[in-house]
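Colleague: Dropping the sequence and predicted coords here.
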Amino acid sequence: MTRGPSTPVGVFPQTRMRRNRRWDWSRRLVRENALTPDDLIWPVFVCEGKNRTEDVATMPGVVRYSVDRLAAAAGEAKSLGIPAVAIFPATPAEAKTPGAEEAWNPNNLVCQAVRTIKDAHPDMGVMCDVALDPFNSDGHDGIVRDGHVVNDETLDALCRQALVQVEAGCDVIAPSDMMDGRIGALRKALDQDGHDRVLLMSYAAKYSSGFYGPFRDAIESAGFLKGESKDTYQMDPANSDEALREVALDIEEGADMVMVKPGMPYLDIVYRVKERLGVPTFAYNVSGEYAMLRIAADNGALDYNRVVLESLMAFKRAGCNGVLTYFAVDAARLLHDA
């Protein structure tokens, strides 16, 4: 008889679910999901200067690295088995413009960081965010004209941005801007320039969320947004069917992998994407999620080590192939020590 997921498969006392939980070895034998360092991507922030780090006040334990400190930081992550890092810049205010031209400066902070990491660790994956908010004096992910984030003009800027990142050595282009058509535009631009082997990880279902605040502090973009929302291009948190359409469109346009952002409050979206479409699916365990757990743990409300691994396992249980997380280095250490 074929049993469905709701079909009873035993009755008490003949069936005792606790029997399989009696010993550590038996629990490990029946464990349904596993978390390893291979599942982790570490987001790192880069700042100007030399031989320095800067604390991110709203993200205890997270720092911005000057470019010359990145090789050592990435090397530690690599030694723990973390396969890739993602680069995010704190662009100086004087370099931000309405046209976001710094985004395609081949010597901007992102490109410097990529070259530094790839020179030191050529077999480590480097992922670059493609969006204009770190470079835009309006604080938006796209170019603003007459108070409106314009779609097609932004696509041209995103392609220019991606090309300088790839030329610096980036392995994975990860557009987070949520402009319509950007995956197709980026795939075409990359292929025409001879970069057909570069991966595209689309932030396919990115929601207009309140959980991004500490990240905007880290890249120093919050003040430039001037209290405006990104509701006209990021998704409504009430919607899940729309997420499936967004992901399907990005796959059709050439995405190799897709991402859901934020992570923990949106694991239902991860599950639906994986179940329906069966593509490599990632989630971003975003800054607000990190800050909640870290600050609670620092104040004695939670066991930090336990909740880090438990929360990351939830991503795997929901169907993630991997997770972008600020916990990556700590989690990898814990997994090695287990």
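Modeller: Sure thing, it's come through.
Colleague: for the chain, which spans come out with low pLDDT?
Modeller: Counting by pLDDT under 70, the low-confidence segments of the chain come to 1-8.
Colleague: If we use 50, what do you get?
Modeller: 1-3 (pLDDT under 50).
Colleague: In it, where's the longest helix?
Modeller: For the chain, the longest helix by residue count, based on DSSP state H, is helix 151-168.
Colleague: how far off helix 151-168 does the helix or strand hosting residue 127 point, in degrees?
Modeller: Using DSSP states H and E, residue 127 sits within strand 125-130. Strand 125-130 runs at 150 degrees relative to helix 151-168, counting by axes from the mean of the first three to the mean of the last three Cα atoms, to 10 degrees.
Colleague: and after strand 125-130, which helix or strand comes next?
Modeller: strand 144-145.
Colleague: What pairs with that following strand, parallel or antiparallel?
Modeller: strand 148-149 (antiparallel) (DSSP bridges).
Colleague: what's the closest non-adjacent residue to residue 19?
Modeller: residue 26 (7.9 Å; Cβ to Cβ, 6 or more residues apart in numbering). Bear in mind the C-beta positions are built from the backbone N, C-alpha and C, glycine included.
Colleague: chain center to the strand or helix carrying the one you found: distance?
Modeller: Here residue 26 sits within helix 24-29, counting by DSSP H and E. The chain centroid and the centroid of helix 24-29 are separated by 32 Å under Cα atoms, centre = their mean, to the nearest Å.
Colleague: same question, stretch 221-228
Modeller: 21 Å.
Colleague: related to what we said a few turns ago, who are the packing partners of the helix or strand just after the longest helix of the chain?
Modeller: Later in the chain than helix 151-168, the nearest helix or strand by DSSP H and E is strand 172-175. The helices and strands touching strand 172-175, judged by 3 or more Cβ pairs under 8 Å, 6 or more residues apart in numbering; DSSP states H and E, are strand 125-130, helix 151-168, helix 182-192, strand 199-206.
Colleague: show me what contacts the closest residue to residue 326 other than its chain neighbours?
Modeller: The spatially closest residue to residue 326, leaving aside those adjacent along the chain, is residue 290, at 4.4 Å (Cβ to Cβ, 6+ apart). By Cβ atoms under 8 Å, 6 or more residues apart in numbering, the contact set of residue 290 is 59, 62, 214, 325, 326, 327.
Colleague: How about residue 212?
Modeller: Contacts for residue 212 (Cβ under 8 Å, 6+ apart) come out as 262, 286, 287, 288.
Colleague: Now the last one. Its backbone dihedrals?
Modeller: Dihedral angles phi and psi of residue 288 (degrees, to the nearest 10) take the values phi -70, psi -40.
Colleague: about what we covered before: among the contacts of residue 212, which are in strands?
Modeller: Using DSSP state E to define strands, no part of the contacts of residue 212 is located there.
Colleague: Among those residues, which one sits closest to residue 72?
Modeller: residue 287 (23.1 Å; Cβ to Cβ).
Colleague: Isn't the closest one up against residue 213?
Modeller: Yes. Using Cβ atoms under 8 Å, residue 287 makes contact with residue 213 at a distance of 7.0 Å.
Colleague: what touches both of those two?
Modeller: Common neighbours of residue 287 and residue 213 (Cβ under 8 Å, 6+ apart) are residue 58.
Colleague: how near is residue 310 to residue 57?
Modeller: 26 Å (Cβ to Cβ, to the nearest Å).
Colleague: neighbour-wise, which of these two wins?
Modeller: residue 310 (13 against 10; other Cβ atoms under 10 Å).
Colleague: Just say helix, strand or coil for that one.
Modeller: helix (DSSP: H, G, I helix; E, B strand; the rest coil).
Colleague: ditto for residue 64
Modeller: strand.
Colleague: Now do the strands in the chain.
Modeller: 40-47, 53-55, 63-66, 84-89, 125-130, 144-145, 148-149, 172-175, 199-206, 257-261, 281-285, 322-325.
Colleague: rewinding a little: how far out from the middle of the chain is the strand holding residue 127?
Modeller: Worked out by Cα atoms, centre = their mean, strand 125-130 lies 9 Å from the chain centre.
Colleague: elements contacting that strand?
Modeller: strand 84-89, helix 109-120, helix 151-168, strand 172-175.
Colleague: Go through those and pick out the most buried.
Modeller: Of the helices and strands packed on strand 125-130, the one with the most neighbours on average (mean count of other Cβ atoms under 10 Å) is strand 172-175, at a mean of 25.
Colleague: What strands flank that one, and is each parallel or antiparallel?
Modeller: strand 125-130 (parallel), strand 199-206 (parallel).
Colleague: one step back: let me have the helices and strands packed on strand 172-175 in JSON lines, extended by distance to residue 75.
Modeller: Output for the helices and strands packed on strand 172-175, formatted as JSON lines (distance: least, Cβ to Cβ, whole Å):
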{"stretch": "strand 125-130", "distance to residue 75": "13"}
{"stretch": "helix 151-168", "distance to residue 75": "19"}
{"stretch": "helix 182-192", "distance to residue 75": "28"}
{"stretch": "strand 199-206", "distance to residue 75": "22"}
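Colleague: Alright, calling it a day.
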